[in-house]
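Asks: 3D model of this:
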Amino acid sequence: MARYKEIDTSPRLIAVDLHRQLLPGTFEHALNHLIDHELDLSSFDARYCNDGTGAPAYPPATLLKVVLFAYSQGIVSSRGIERACREQVTFIALSGDSAPHFTTIADFVSTAGVEIARIFSQVLFICDRQGLIGREMFAIDGVKLPSNASKARSGTRADFERQAMKLEHAAKLMLSRHRAEDAGPPEPDPGAREGKRLARLQRDAADLRGWLTAHPEDRRGSKGSIRKSNRTDNESAKMATGKGVIQGYTGVAAVDARHQIIVEAQAHGTGSEQELLIPVVRAMKAVLASDSLITADAGYHSKGNLKELAELGVEALIADNAMRRRDERFATQARHRRAPDPLYDKATPEKKNAKSTIYSSKDFTYDPIAQTCVCPAGKSLYRTAVGASSETSC
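Replies: Okay, the predicted model is just below:
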């Protein structure tokens, strides 16, 4: 019988040159080179005050490498990135086997917004220098994303005022009942449950009053209407999606047509796409050429947007809501529509026609053998109950 060498798929203590694990021509090799030699990361230095005292910090370049490479691999959690930095060779090579803790990664991602925006601008400059941005046509579109906020904490100031009054009224009732019981004869202690409930009511009411004091005015929409606030994340908004209502943001991006390079990305706490077109166009003025063309779907169409684009001198093709009904190429579009999902379809079912045909006794035929009548549809009649409330059906 043939004998084979035993292969150990989990070897230990292997001498590995980490730099050679980043093969030329791969995304990780390009990412490592650009961050080390092309990007200016000096803006991150202001985040740290450990030049005289304190522990040394992880280099921003190292954290950027592992975070961006993780995003390219579909890893979007800090714990997942930390685990990859311990177990996967490419991540170990990018991080120099430093294995940053997930709290370090989470803090870097959540607090480096301004610095990341500058890095984004530098990346666009490099892409433009390499001829990756054509400036001929840009497509703008968005997607609704949930935020880490509770829908139950949404409302206007008037809604929060009513909630605070209800909580304070309930707390006063509990206090008065407590005092009335204390004035009577002594009774066994029923426990601390009532005390905990009273403390919770008072704490919630105080939180509401504090929020109302910190936000003296309601949020306003683009047309001046009141927009619901959220006490967890006041910049987010309630918005309808294909799977119900979420509390979140609308993320919108502008993409160049030549190599699908994202030249602008924003997130807004509104479900109206019409409000987002002009802010994105204004933000991407630096990359627009005199003959650049902007395209967007019907969600971004409005007379105000078209007028403002004309004033900015920007050529745009934006579909309106009736475009598909006018265009003969979409004459058979109905056959491509997906059937509604019964789990998420919240539409009110259509009511059946309430009109009914009234028949007389001449329209029914008596069957002497079965001792019943046959209706005009050819079905036998039967009784569904016994007594005065009985009904006859077929």
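
Asks: and whichever helix or strand P279 is part of, what's its mean pLDDT?
Replies: Taking DSSP states H and E as the definition, one finds P279 inside helix 277-283. Helix 277-283 shows a mean pLDDT of 93.

Asks: now stretch 10-18
Replies: 75.

Asks: for the stretch 1-150 of the chain, which segments count as strands?
Replies: 137-146 (DSSP state E, counting those that start in this stretch).

Asks: outside of stretch 242-250, which residues touch it?
Replies: 142-147, 149-151, 154, 230, 232-233, 235-239, 267-271, 273, 276, 344, 346 (C-beta atoms under 8 Å, 6 or more residues apart in numbering). The C-beta positions use only the backbone N, C-alpha and C, and glycine is treated the same way.

Asks: just the buried ones from the residues you listed?
Replies: 142, 144, 147, 149, 151, 154, 230, 233, 236-239, 267-271, 273, 276 (16 or more other C-beta atoms under 10 Å).

Asks: count the neighbours of L309 for me.
Replies: 17 (other C-beta atoms under 10 Å).

Asks: how close does S361 get to K172?
Replies: Look at S361 and K172: by C-beta to C-beta, to the nearest Å, they are 69 Å apart.

Asks: out of the two, which sits in the busier spot?
Replies: Taking neighbours as other C-beta under 10 Å, S361 and K172 compare with K172 leading, 12 against 7.

Asks: next, the more buried one: phi, psi?
Replies: phi -60, psi -40 (degrees, to the nearest 10).

Asks: for N50, same thing?
Replies: The phi/psi pair for N50 (degrees, to the nearest 10) is phi -120, psi 30.

Asks: report pLDDT for the residue nearest to R324 when sequence neighbours are not counted.
Replies: Leaving aside its chain neighbours, R324 sits nearest to F330 (4.3 Å; criterion: C-beta to C-beta, 6 or more residues apart in numbering). Looking at F330, its pLDDT is 82.

Asks: where along the stretch 151-300 of the chain do the helices fall?
Replies: 157-183, 193-214, 277-283 (DSSP state H, counting those that start in this stretch).

Asks: who wins for proximity to I261 among the ones you listed?
Replies: Using C-beta to C-beta as the measure, helix 277-283 is the one of these that comes nearest I261, at 14.9 Å.

Asks: what's next to that closest one, contact-wise?
Replies: By C-beta under 8 Å, 6+ apart, the list of residues contacting helix 277-283 from outside reads 140, 252, 254, 264, 266, 268, 288, 294, 296, 300, 305, 308-309, 312, 314, 318.

Asks: equivalent analysis for stretch 163-175, please.
Replies: G155, E194, R197, L198, L201, Q202, D204, A205, L208, R209, L212.

Asks: what residues sit buried inside stretch 71-85?
Replies: I75, S78, I81, E82, A84, C85.

Asks: who wins on neighbours among the contacts of helix 277-283?
Replies: So for the contacts of helix 277-283 (other C-beta under 10 Å), the most neighbours sit at Y300, 26 neighbours.

Asks: residue contacts, the residue nearest the centre of the chain?
Replies: By C-alpha atoms, centre = their mean, the chain has its centre lying nearest to L145, at 1.4 Å. L145 makes contact with G248, Y249, T250, G251, A267 under the criterion C-beta under 8 Å, 6+ apart.
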